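> for reference, the sequence and a predicted model appear below.
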Amino acid sequence: MFGRGPSKKSDNSKFYEILGVPKSASPEDLKKAYKKAAIKNHPDKGGDPEKFKELAQAYEVLSDPEKREIYDQYGEDALKEGMGGGGGGHDPFDIFSSFFGGGSPFGAGGSSRGRRQRRGEDVVHPLKVSLEDLYLGTTKKLSLSRNALCSKCNGKGSKSGASLKCGGCQGTGMKVTIRQLGPGMIQQMQHACNECKGTGETINDRDRCSQCKGDKVIPEKKVLEVNVEKGMQHSQKITFEGQADEAPDTVTGDIVFVIQQKEHPKFKRKGEDLFVEHTLSLTEALCGFSFVLTHLDGRNLLIKSNPGEVVKPDSYKAISDEGMPIYQRPFMKGKLYIHFTVEFPDSLSPDQTKALEAVLPKPSTTQLSDMEIDECEETTLHDVNMEDEMRRKAQAQREAYDDDEDDEDHHGGAQRVQCAQQ
């Protein structure tokens, strides 16, 4: 982020006055002054909340070497304009609690705000299941790796349970680097502290836990039983609360499995209903049919037409209660739809044609006389693929449009030359 230095110097003594220290105060002097004044003004002890916030803001700025340097040179306005990352951006209770290891000097009755924990991130995994699994329900055992708090040191990272606030980042876990780019131009970059790896704490090498080596967590394998219930949908989530990576002073996140339904070769699902395609011969469509359909649970369903029924091409038939189970109401099911297509023969022999004419209804069109036929022009039918036909027409239209544009550019150019000659 870039910023230009303020044109005039603003007040650079206010924060020192709030803490009651001179401008020459050492970091240790700042700590002592802040600690004494913050305990006195803490809201849990009847202190002034606004004064408590001002103390936290002043200490946050002056305890950071980079921010203090900018404040001493340019004043508070420079911090507000972004040169030092701003002032007072942290929760005053968090700053106060850092002096007492996250606890409170007032015992169990202290402010719960000073002990707030951040929440860890959720871990999301896709779970591929078949349509049969969603129809019947299933349980899958999955082995996952995660970080767990070290059992030997209880997540402290040290044998004694003690840790020190990192001196490189003053316990914030972050560092701000400021680089001069030119006259009045600076660049500010924030990054994790390399001394404490962003934890804000350091542990003495001799005091490190022998099991986690000071990392506070160790890897562990965990087996989860994921229960996929009947009727669950694609993209539905199954959540295991508090089973993600553990970390000190952190509320453990969740492990979330997202159902990914695999494509089925025969059945298609739409919500609570199932769809299946079936092709009939022309004889079956006209004279009746019967066939066996194997369902997702292995049952064989006998599908047959009613006597005398004619099935038209591109028609649908439905069977109630043979669709998908309804989620959390598994004894209720949707419908099974069958989409019929009719396969016509490529050609008929003269004998077949006569036989069909004898049994099928007569054509409704008026028969033409020989004289009327002689007055007509005879045509020839040929087979076409409509997709190819439409694609060819679209290509021809694009080429014609491009030719028109070329002609306009040519004529327009000639007119411009003519005008120039005049």
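Everything's here; your move. Numbers count the residues shown, from 1 in each chain.

> who does the helix or strand containing residue 147 pair up with?
Secondary structure from DSSP states H and E places residue 147 in strand 138-149. Using DSSP bridges, strand 138-149 pairs in its sheet with strand 217-228 (antiparallel).

> what's in contact with the partner strand?
127, 129, 133-134, 137-151, 155, 211-212, 238, 240, 243, 245-248, 255, 257, 259 (C-beta atoms under 8 Å, 6 or more residues apart in numbering). Backbone N, C-alpha and C define where each C-beta goes, glycine included.

> what sits against residue 189?
Contacts of residue 189 (C-beta under 8 Å, 6+ apart): 176, 177, 178, 179.

> then residue 325?
135, 230, 231, 331, 332, 333.

> ok, back up a step: tell me which of the contacts of residue 189 is nearest to residue 377?
residue 179 (87.2 Å; C-beta to C-beta).

> who's sitting farthest from the centroid in this structure?
Ranking residues of the chain by C-alpha distance from their mean position (C-alpha atoms, centre = their mean) puts residue 371 at the top, at 74.7 Å.

> enumerate every residue touching it.
So residue 371 contacts nothing (C-beta under 8 Å, 6+ apart).

> that one looks like it's in a helix, true?
Yes: with DSSP: H, G, I helix; E, B strand; the rest coil as the criterion, residue 371 is part of a helix.

> show me the contacts of residue 325 that map onto helices.
Among those, DSSP state H puts residue 135 in helices.

> same list (the contacts of residue 325) but as CSV, adding neighbour count and pLDDT.
Putting these into CSV (neighbours: other C-beta atoms under 10 Å; pLDDT from 0 to 100) gives the following:
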residue, neighbour count, pLDDT
135, 22, 97
230, 19, 96
231, 21, 96
331, 8, 91
332, 13, 95
333, 20, 95
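
> export the contacts of residue 325 to TSV and tack on distance to residue 319?
Shown next, in TSV, are those (distance: C-beta to C-beta, whole Å):
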residue	distance to residue 319
135	15
230	19
231	18
331	17
332	15
333	10
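
> just the contacts of residue 325: which are in strands?
331, 332, 333 (DSSP state E).

> closest to residue 11 out of these?
Among those, and counting by C-beta to C-beta, the member closest to residue 11 is residue 332, at 72.6 Å.

> domains of the protein?
2-116, 120-156+217-263, 267-343 (automatic domain parsing).

> would you format those as a markdown table with distance to residue 353 included?
Shown next, in a markdown table, are the domains of the chain (distance: least, C-beta to C-beta, whole Å):
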| stretch | distance to residue 353 |
| --- | --- |
| domain 2-116 | 86 |
| domain 120-156+217-263 | 43 |
| domain 267-343 | 13 |
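
> out of those domains, which comes closest to residue 360?
Closest among these, once you apply C-beta to C-beta, is domain 267-343, at 8.7 Å.

> now do the same contact list for residue 309.
By C-beta under 8 Å, 6+ apart, the neighbours of residue 309 are residue 288.

> residue 263 belongs to a strand?
No: secondary structure of residue 263 (three-state DSSP): coil, not part of a strand.

> what's opposite the most centrally placed residue in the chain in the beta bridge?
Note on the chain: the residue nearest the mean C-alpha position is residue 124, at 9.1 Å, using C-alpha atoms, centre = their mean. Beta bridges link residue 124 to residue 256, judged by DSSP bridges.

> report the contact partners of it.
Per C-beta under 8 Å, 6+ apart, neighbours of residue 124: 256, 257, 258.

> surely the last one meets residue 128?
In this case it means residue 258. No: at 10.0 Å, residue 258 and residue 128 do not qualify as touching, with contact defined as C-beta atoms under 8 Å.

> settle it for me: which of those two has more neighbours?
residue 258 (14 against 11; other C-beta atoms under 10 Å).

> phi first, then psi, for the more buried one.
Dihedral pair for residue 258: phi -110, psi 120, per degrees, to the nearest 10.
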